[in-house]
Each structure stands twice: as structure tokens, then as C-alpha cells.
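Peer 1: Just the structure for this:
(4 chains)
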Protein chains: 2
Amino acid sequence: MISARVVGRLSLYRRVLNALQADGVQNVYSHQLAAMAGFTAVQVRRDLMVVGYSGSPTHGYEVDRLLESIRQFLDAPGGQGVALVGIGNLGKAILAYFAGRRPNLRIVAAFDKDPCKVNRVIHGCHCYPMEQMAEVLKQADIRVGIITVPAAAAQGAAEALVRAGVHGLLNFAPMKVRVPPNVHVEDLDMTTSLEKVAYFARQGVSGKEDRK
Amino acid sequence: MISARVVGRLSLYRRVLNALQADGVQNVYSHQLAAMAGFTAVQVRRDLMVVGYSGSPTHGYEVDRLLESIRQFLDAPGGQGVALVGIGNLGKAILAYFAGRRPNLRIVAAFDKDPCKVNRVIHGCHCYPMEQMAEVLKQADIRVGIITVPAAAAQGAAEALVRAGVHGLLNFAPMKVRVPPNVHVEDLDMTTSLEKVAYFARQGVSGKEDRK
DNA sequence: TAGATTGTTAATCGATTAACAATC
DNA sequence: TAGATTGTTAATCGATTAACAATC
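Peer 2: Sure thing, here's the model as predicted:
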């Protein structure tokens, strides 16, 4: 079983490698990738072994082939649709943020309980009333959901998404949601993160070991 | 040295406790708080010891006094100002999200290099050109920064904020920033989080142990 | 008192780091 | 070959979990 941490780092390596590829770089060593991604060389080498592509002691890793290996590991073969619940300020910003960024992982449907916010297209994403969720998600084979509703509505949104067949949730609401054990939840809690930063800024220390 | 994890959990406990207080609940046991916050009772008890307030075996924790202890631990005495760099879709959504939410931790200044986006007020926050950052931050004694610029501009934004005296950064850009060791950085990388969720949704497993 | 909960120590678990032989 | 890097195993570190005496 691959840990969530490794998957997250692979996602970061890919972005760094994309930048290198754009610059015409053909080979890269683990310590270079480590410095750019903010991890250690040993972590990088161990993570890259997971995707099943080996480097060479003389040339390091070939950028092109490594990117292809990561792509095969991370991406769904035919692309993956994502649903978003909660078309408020944050929801709309996230629709804009992901619009056209990664064709393989697109937000293809958004939902809101407010009738005034649905039945239109925002940043290329169709907006539907909550009642149509099961139907739309089944029809588009969507298995990933993003929750951008207020805290009080988060649990309900999560349950609706899970009922509609979603197996992964990205939760922006400042509240933990309870889901069946086979559903993966990532919490992206901006309030907690900001309070953490504020605490350590006030203490004048980093809360982690130095990053050299 | 308190770990960033503990500080983050305290922030969550506070929100759960606020909800309980609003419901008129006066006492709470560690296992109740644990269930609501999504952690274990032992974690809750250990974390609460950090803030220096002891519970009682018979009544558990008093909600009012516990909230006060957490507040004293987490919050800056006179309130803490926050600066935001990058007034795009995401930046504006974050200004709206935090507006009026926590008087003690307010975004009081926003910056952008685009002259069209500055010299106005968005969700109660004054917007300035980048050139005025050092001056504004010093005058308002701001030590916390939020980065919502594109990936390519993140390092520059981080350096400008650090030069202006910031000791903590909340980084939304999908790129690691390098900072001096005494600056605390929290990365809030939506792209990585979404890719993690998509990966585990596709595998049909949670990537963590069951949450019971 | 009896009993559930708290505070605290010991054991477990997992991830990171260090060390080193294998490789080109 | 010499040398830097890779892949892999062992040691370290930190956090979580389990166990239990102390408490009201």
C-alpha cells in the first residue's frame, strides 16, 4: 500500500519535472530534484522506485521517461472527472483555479442547494441543483468530490457525494466529515493552517527542523 | 517545542468547542471531543495538557474555561495582522473567506504587482502595490503572510514578505519556497491534494487506516 | 465506596535518515 | 579504472497507541 505522503510527493516531483522539461533539461539527479521539491535525495529515490522507473548511476533519471512513468502511476487511464459542491466565493475560485489546468483531472460538475446559483456554466463547469447529483455523477462516472460548503453543511455534502458513488473527497470546510472506511478524505483547512502559521510566526520559530 | 500537529489540532478543538458552547454545553469528556474532532481521546488529553488546563475525572473539561485556555495559548494578545500577496481569483476568495471571521487574526493588507488591482478595498482589506509592502507591514506590525500568486512568482513573493519582516507564510502556490530557518511555512497545495484524492479514489482505498 | 475519566509512562508503529554495496 | 550516483538495508527519530496508577 502506497502512503498518501508518497503520492503527494510524486505529484510535486511531476510539476518540478515539467518545469525542467520546458527548459529543455534531459537528465536529472535525485539530489537536484530533491533540492527543487524541498525533500531529501533519499526520499526522492525511494519515491521514484515506487513508479517503477530506474535511474542510472551515470546519467541519473531521464526527465521524459520519468514523467511518463509518474503519469502512468498517478493518472487515471481515460481521465477522471471531479464534482464540486458549494458554489460560493471559494467554490468559484477553485473552479477558476483548476479550469483548463489538467485535462486529465477536470471539475466537470458543480452543485449547490441554492436555485439561483445553478443551471449555468462557470469556468467551463456545468452547475446543477443538488437533486441531480446522483444522476449526473453516475452518468459521468465521477468518483472524486470537492466540498466547499460552510462547516454546518459539510457532513451532508459528504454523505450526498458518497451516496452518489464518490470514493475520494477534498474537504475545504473547517469541519471533519465522517465517511465509510473505503472513502479517502483530504482536509484542506485554511483556518487551521493560518492559525498554525500565526502561532509559529509569533513564537519566531519554524516548528520544523531547519531546511538548511 | 510544541509540534505543528498539536497546534493544528488545538485549532480544531477550539472550533468544536465553540459549537458546543453555542449549544449551551458546559462540560465535555475527551472521548466526546475526540469523536467530534476526528482524533483519539488520548491525543485530545495530551494536547489539552499543553495549554495548561486540567480536566477532572468526574466532570471532564469545562467548555468555557477550556476555550479560554486555548485562546490564551493560540492567540496573539493584541490581535495579529496578516498580509496577502496576489489579488487574483484565489486571493479574493480568501479575502472573502476570512473577512470578519476572526477579529484576532485579520487580513489587513493585500498586495499585487498589477497596478489595476490595487488602491482599493476588497472585503474590508486595503490593496497596495508591491512597492509599499515594507512600509505597510512595518507600520501595521504584520508578521504573517499569505501567498496566492502563480507558481512562478511564489519565491519572489516569499522573499519580499520575509524582507518586510514576516515570520510565517501560508503558501497556496503549487511550488515550494525557500526561506530562512526562522520562518515557518505551511503549504496549502490544492493541486497535490486533489491528485492524492483522485489517486486513492481510483484505487478504491482510503490510504489511511479506517476511521472506525 | 465504586466507577469512569484523567494524567503519565511504556510499547508500538511508521517514516525519515544514515550507511553501504552495487552499478554504470 | 576511479568516482559519483543509484538501490537497499539497518539505525534513528518522532508520533501514535496501549497500559495503568491517580483522581474526583
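
Peer 1: Scan chain A for its longest strand.
Peer 2: In chain A, ranked by residue count with DSSP state E as the criterion, the top strand is strand A:105-112.

Peer 1: got a list of contacts for that one?
Peer 2: Outside strand A:105-112, the residues that touch it by Cβ atoms under 8 Å, 6 or more residues apart in numbering or on different chains are A:75-76, A:79-87, A:91, A:94-95, A:98-99, A:118, A:122, A:125-130, A:132-133, A:136-137, A:140, A:142, A:144, A:146, B:194-195, B:198. For the C-beta atoms, the positions are set from N, CA and C on the backbone; glycine is no exception.

Peer 1: Could you list the low-confidence segments of chain A?
Peer 2: Using pLDDT under 70 as the threshold, the predicted model of chain A has low-confidence ranges A:205-212.

Peer 1: go again using 80 as the cut-off
Peer 2: Applying pLDDT under 80 to chain A picks out residues A:1, A:204-212.

Peer 1: Point me to the residue sitting closest to the centre of chain A.
Peer 2: residue A:170 (7.5 Å; Cα atoms, centre = their mean).

Peer 1: Could you name the helices and strands sitting against the host helix or strand of that one?
Peer 2: Residue A:170 belongs to strand A:168-171 when assigned by DSSP states H and E. Taking 3 or more Cβ pairs under 8 Å, 6 or more residues apart in numbering or on different chains; DSSP states H and E as contact, the helices and strands that strand A:168-171 lies on are strand A:144-147, helix A:151-163, strand A:184-187, helix B:190-203.

Peer 1: out of these, which comes closest to residue A:28?
Peer 2: helix B:190-203 (19.5 Å; Cβ to Cβ).

Peer 1: on contacts alone, who are the packing partners of the closest one?
Peer 2: Contact partners of helix B:190-203 among helices and strands, from 3+ Cβ pairs under 8 Å, 6+ apart: helix A:4-22, strand A:80-85, helix A:89-98, strand A:105-112, strand A:144-147, strand A:168-171, strand A:184-187.

Peer 1: hang on, the earlier thing: now mean neighbour count too, for the helices and strands packed on strand A:168-171, in JSON lines please.
Peer 2: Listed next are those as JSON lines, based on neighbours: other Cβ atoms under 10 Å in any protein chain shown:
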{"stretch": "strand A:144-147", "mean neighbour count": "29"}
{"stretch": "helix A:151-163", "mean neighbour count": "18"}
{"stretch": "strand A:184-187", "mean neighbour count": "22"}
{"stretch": "helix B:190-203", "mean neighbour count": "23"}
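
Peer 1: can you name the farthest residue from the center of chain A?
Peer 2: If you look at how far each residue of chain A sits from its centre, by Cα atoms, centre = their mean, the farthest one is residue A:58, at 33.8 Å.

Peer 1: Run a quick neighbour tally on the residue in chain A positioned nearest to DNA strand C.
Peer 2: Shortest chain A-to-DNA strand C distance, computed as Cβ to the nearest atom of the strand: residue-wise this is residue A:57, at 3.1 Å. For residue A:57, the tally of surrounding residues (other Cβ atoms under 10 Å in any protein chain shown) stands at 6.

Peer 1: Next: the one 4 residues further on.
Peer 2: Residues near residue A:61, counting by other Cβ under 10 Å, number 25.

Peer 1: Is it correct that it is in contact with residue A:51?
Peer 2: No - Residue A:61 sits out of contact with residue A:51 when judged by Cβ atoms under 8 Å, with a separation of 10.6 Å.

Peer 1: still on that earlier bit, sheet partners, orientation included, of the next helix or strand after the longest strand of chain A?
Peer 2: Counting by DSSP H and E, the element after strand A:105-112 in chain order, helix or strand, is strand A:121-122. Here the strand partners of strand A:121-122, with direction, are listed using DSSP bridges: strand A:125-129 (antiparallel).

Peer 1: Return the set of buried residues in the strand it pairs with.
Peer 2: By neighbour count with 16 or more other Cβ atoms under 10 Å in any protein chain shown, strand A:125-129 contains the buried residues A:125, A:126, A:127, A:128.

Peer 1: so what's the first one up against?
Peer 2: So that's residue A:125. Neighbouring residues of residue A:125 by Cβ under 8 Å, 6+ apart: A:84, A:95, A:99, A:107, A:108, A:109, A:110.

Peer 1: For the residues you listed, work out which two are farthest apart.
Peer 2: Comparing all pairs in the contacts of residue A:125 by Cβ to Cβ, the longest separation belongs to A:99 and A:109, at 13.4 Å.

Peer 1: Can you name the residues that contact residue A:146?
Peer 2: Taking Cβ under 8 Å, 6+ apart as the contact definition, residue A:146 lies against A:82, A:83, A:84, A:85, A:91, A:94, A:107, A:169, A:170, A:172, B:194.

Peer 1: which residues does it bridge with?
Peer 2: The residues listed as beta-bridge partners of residue A:146 by DSSP bridges are residue A:84, residue A:170.

Peer 1: how close does it get to residue A:75?
Peer 2: To residue A:75, residue A:146 is 18 Å away according to Cβ to Cβ, to the nearest Å.

Peer 1: just residue A:149 next, same as before
Peer 2: Going from residue A:149 to residue A:75 by Cβ to Cβ gives 28 Å.

Peer 1: Perfect, I'm done here.
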